[in-house]
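[1] Provide a 3D model corresponding to the input given below.
(2 chains)
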Amino acid sequence: MSEFLRVAWLVVRKDLRVESRSREMLFTTLFFAVSCVLVFSFGFVRGGQAVEGAAAGILWITIAFSGTLALGRAFERERYHDALRGLLLAPVDRPAIYVGKLLGLLLLLAVVEAVVVVMVAFLFRAPLFQHSGLLLALLALGTVGFASVGTLFSAMLVRTKSRAVLLPVMLYPVTIPVLIMGVSGTAALIQPEPDLVMARLWISLLLFFDAVFLTLALWTFEPVMTE
Amino acid sequence: MNRRLFPLLTAVSLLLFVTAPIIIVRAPYESTMGLVQKIFYFHFPAWMAMFLSIFVLGIASVIYLFGRKPTADRLAVAAAELATIFGLMGLVTGPLWGVKAWGVWWQWDARLTMAVILELILVAYLLLRQYGGAGADRLAAGLGIFAMANVPFLYISTEIWRTVHPRTSVVPTLPIDFGLPLWWSFTGFIVLCLALLSARSRLEEQRSTLERLYQALEED
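    This is a model prediction of the structure:
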């Protein structure tokens, strides 16, 4: 197990080092997320006031969109100089490579979400920090669910020619349950009278979803990546 | 096996489909819904055929991904296409009933939402197979497993969410007058589904044989 975690950590460190030199993914994803929220604000502001109840949806759609962008880039990078083949040839557990890539993406998305949450709270007057613990749980579990499926699909598609379009085509239908749970949970938290029981129910459903799809992704990563 | 199974299954499903209208017409009118209730004899079996196809798709995908059996891959293609078609039937007949029962064509009810999601996943599967290029079969197998894994969420969600969709637990308790035509068309759909599965996977088999022959010809 420690060997597994060590390999995963090595992949994370490699990704962080590459990222720290160019900061390409961080800056592009962040900028995309910010412009996404702004585009939504043009669609959902009437007479100078944000439409009521739009904040939760805007938050999660922005996460899903910028997550897709980051997912596509994360494996695009591995295509240069056949880096992916090098990774897969390494005499280590393949699922550990998957976990490493997933953790790297989660770190990136955490930074993006920190900015997006503040922006949405500020621009749409959403009381997002009222129950920050529950919101944190929703965001963490939702992002894990989205990214665990996304990392697998993105890795699968790396050798496919129309991967840029196929990733969202495959990813959104499979992860819509995550979006529904995340949006409903967040909406329950920020409505005028927060419904904490409902929010906790959505959190436990997300946990269930994460467990199922993370297990499936770990299980299928090896055979789908074998040439 | 396929060659003998197909005519038998086709004949049985044909017989069931020809006789089904007679049985459905003779079934009594449901007191509140009237004529529109008869859509149910089509709607429910179509969804059940879809679930059967998704189940076949998921199992075949697992077998192909871990066992590399080409037969399983062909079965998966056939099942995915059939699931899409049967799902489409369910999605068309549902609103036809809903506009009479609920007064609207569409409700964002849990079961309807998940039905649309499943249909979307199936279309994504077909798109991936069509445009994925070389190696798409294995990727599609991965997606097929995820499609099957989404089905339990569909079932659980209806229990947790408040739903306006009639509960499926009503089906075993139906009186015989309604039950007979329902199970009649149910059997018809399932047998038709199996017949089409065997025909489509055989077509896929012949297609790949043809492709192999072409390749061999080009190499010569």
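[2] Which parts of the chain are helices?
    No chain was given, so I picked chain A. A:2-22, A:24-44, A:55-76, A:83-89, A:94-123, A:132-156, A:163-190, A:196-225 (DSSP state H).
[3] wrong one, chain B
    B:2-26, B:40-67, B:70-101, B:110-131, B:136-160, B:176-219.
[4] just to revisit the earlier point, among the helices of chain A, which is nearest residue B:108?
    Residue B:108 lies closest to helix A:163-190 among the helices of chain A, at 10.0 Å (C-beta to C-beta). (Glycine included, C-beta is placed from N, CA and C.)
[5] Off-centre distance for the closest one?
    10 Å (C-alpha atoms, centre = their mean, to the nearest Å).
[6] Now do it against helix A:196-225, angle only.
    Here helix A:163-190 points in a direction 160 degrees away from that of helix A:196-225 (axes from the mean of the first three to the mean of the last three C-alpha atoms, to 10 degrees).
[7] Which residues belonging to helix A:163-190 are considered buried?
    Neighbour counts over helix A:163-190 (16 or more other C-beta atoms under 10 Å in any protein chain shown) mark A:163, A:166-190 as buried.
[8] between that helix and helix A:132-156, how many degrees?
    Going by the same axes, to 10 degrees, helix A:163-190 makes 170 degrees with helix A:132-156.
[9] What mean pLDDT does helix A:163-190 get?
    Averaged across helix A:163-190, pLDDT comes to 89.
[10] What is the distance between stretch A:123-141 and the centre of its chain?
    16 Å.
[11] for stretch B:196-210, same thing?
    18 Å.
[12] same thing with stretch A:50-58?
    20 Å.
[13] out of the helices of chain B, which comes closest to chain A?
    Ranking the helices of chain B by their distance to chain A (criterion: C-beta to the nearest C-beta) puts helix B:110-131 first, at 3.7 Å.
[14] Which positions in the closest one come out as buried?
    B:110-125, B:127-129.
[15] For residue B:137, give me its contacts.
    B:64, B:73, B:129 (C-beta atoms under 8 Å, 6 or more residues apart in numbering or on different chains).
[16] Please identify which of the residues you listed is nearest to residue A:31.
    residue B:129 (34.9 Å).
[17] Chain A next: which of the buried residues of helix B:110-131 are close?
    Under the cut-off given by C-beta under 8 Å from any C-beta of the partner chain, chain A has B:113, B:114, B:117, B:120, B:121, B:123, B:124, B:127, B:128 from those close to it.
[18] need the residues of chain B near chain A, please.
    B:65-66, B:113-114, B:117, B:120-121, B:123-124, B:127-128, B:131-133, B:135-136, B:138-139, B:141-143, B:145-147, B:149-150, B:153, B:157, B:160.
[19] Show the contacting residues for the residue in chain A that chain B sits nearest to.
    Residue of chain A nearest chain B, by C-beta to the nearest C-beta: residue A:173 (3.7 Å). When contacts are counted by C-beta under 8 Å, 6+ apart, residue A:173 is found next to B:117, B:120, B:121, B:123, B:124.
[20] now do 7 Å
    Contacts for residue A:173 (C-beta atoms under 7 Å, 6 or more residues apart in numbering or on different chains) come out as B:117, B:120, B:121, B:124.
[21] what does residue B:91 give?
    Contacts of residue B:91 by C-beta under 7 Å, 6+ apart are B:115, B:119.
[22] The same query, at a cut-off of 10 Å, please.
    B:43, B:46, B:47, B:50, B:106, B:112, B:115, B:116, B:118, B:119 (C-beta atoms under 10 Å, 6 or more residues apart in numbering or on different chains).
[23] how close does the closest residue to residue B:199 other than its chain neighbours get to residue A:49?
    Of all residues not flanking residue B:199 in the chain, residue B:6 sits nearest, at 5.5 Å (C-beta to C-beta, 6 or more residues apart in numbering or on different chains). Going from residue B:6 to residue A:49 by C-beta to C-beta, to the nearest Å gives 64 Å.
[24] Have a look at those two and say which one is more surrounded.
    Taking other C-beta atoms under 10 Å in any protein chain shown, residue B:6 and residue A:49 do not tie; residue B:6 has more neighbours (17 against 10).
[25] isn't the more buried one right up against residue B:198?
    Yes. With contact defined as C-beta atoms under 10 Å, residue B:6 reaches residue B:198; the gap is 5.0 Å.
[26] List just the one of the helices of chain A that sits closest to residue B:96.
    helix A:163-190 (24.1 Å).
[27] Surely residue A:13 is in contact with residue A:107?
    No. Under the criterion of C-beta under 10 Å, residue A:13 makes no contact with residue A:107, lying 11.2 Å away.
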